[in-house]
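1. only geometry, no sequence info:
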């Protein structure tokens, strides 16, 4: 019999099972989604564009903090996006020492085009599920994402 959820943290075998399932999920996503996706740029650059679509204007420091990479690494990513015309840099009106990064119309167009491709690809895969399975899977993904944010928020 499985322990109740309030005892999971105390049961090493259950935590081990969750960790194994989590790793297996990451591998499935990596091998069956990211490796079959053709993005016009490295995933790190695509993720920056996706973040900028949501946040609009943010500093390189803030982006690096969210993406969990060094400021120097993020500066390189942003510079490549800048050279391609997908982002702009401008001084903050509140703090002139701070440079803000914003997505351009060209960057937004690219992001939306490829997000549409990703959605079509997932839709094709989701046809393998019954409507009930798809609804349950959707709830699991949404709730799982909320739990991951809670686990990893600082």
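-> Structure received. Bear in mind the structure is a predicted one, so any value in this text is a computation, not a measurement.
2. quick one: low-confidence parts of this structure?
-> When residues are selected by pLDDT under 70, those of the chain lie in 1-10, 34-37, 154.
3. okay, which residue is most central for the chain?
-> Centroid-nearest residue in the chain, with CA atoms, centre = their mean: residue 47, separated by 6.1 Å.
4. element containing that one?
-> Assessed by DSSP states H and E, residue 47 sits inside helix 43-55.
5. so what strands line up beside whichever helix or strand comes after that helix?
-> Following helix 43-55 in sequence order, the next helix or strand is strand 57-59 (DSSP H and E). Using DSSP bridges, the strands paired with strand 57-59 are strand 99-103 (antiparallel).
6. just the buried residues of the partner strand, please?
-> If you call a residue buried by 16 or more other CB atoms under 10 Å, then strand 99-103 has these buried ones: 100, 101, 103. Any C-beta I mention is one placed from the backbone N, CA and C, and that applies to glycine too.
7. quick one: distance of it to the chain centre.
-> Centre-to-centre, strand 99-103 and its host chain are 19 Å apart (CA atoms, centre = their mean, to the nearest Å).
8. for stretch 116-130, same thing?
-> Chain-centre distance of stretch 116-130: 18 Å, with CA atoms, centre = their mean.
9. let me have the buried residues of strand 99-103 in JSON lines, adding distance to residue 62 as columns.
-> Shown next, in JSON lines, are the buried residues of strand 99-103 (distance: CB to CB, whole Å):
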{"residue": "100", "distance to residue 62": "9"}
{"residue": "101", "distance to residue 62": "9"}
{"residue": "103", "distance to residue 62": "14"}
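10. quickly list the domain ranges of the protein.
-> As recorded under automatic domain parsing, the domains making up the chain are 1-36, 40-152.
11. contact partners for residue 107?
-> Residues near residue 107 by CB atoms under 8 Å, 6 or more residues apart in numbering: 49, 52, 81, 85, 86, 87.
12. just the buried ones from those?
-> For the contacts of residue 107, buried by 16+ other CB under 10 Å: 49, 52, 81, 86, 87.
13. now for the second one: which residues touch it?
-> If I follow you right, that is residue 52. Contacts of residue 52 by CB under 8 Å, 6+ apart are 58, 63, 87, 101, 102, 103, 107.
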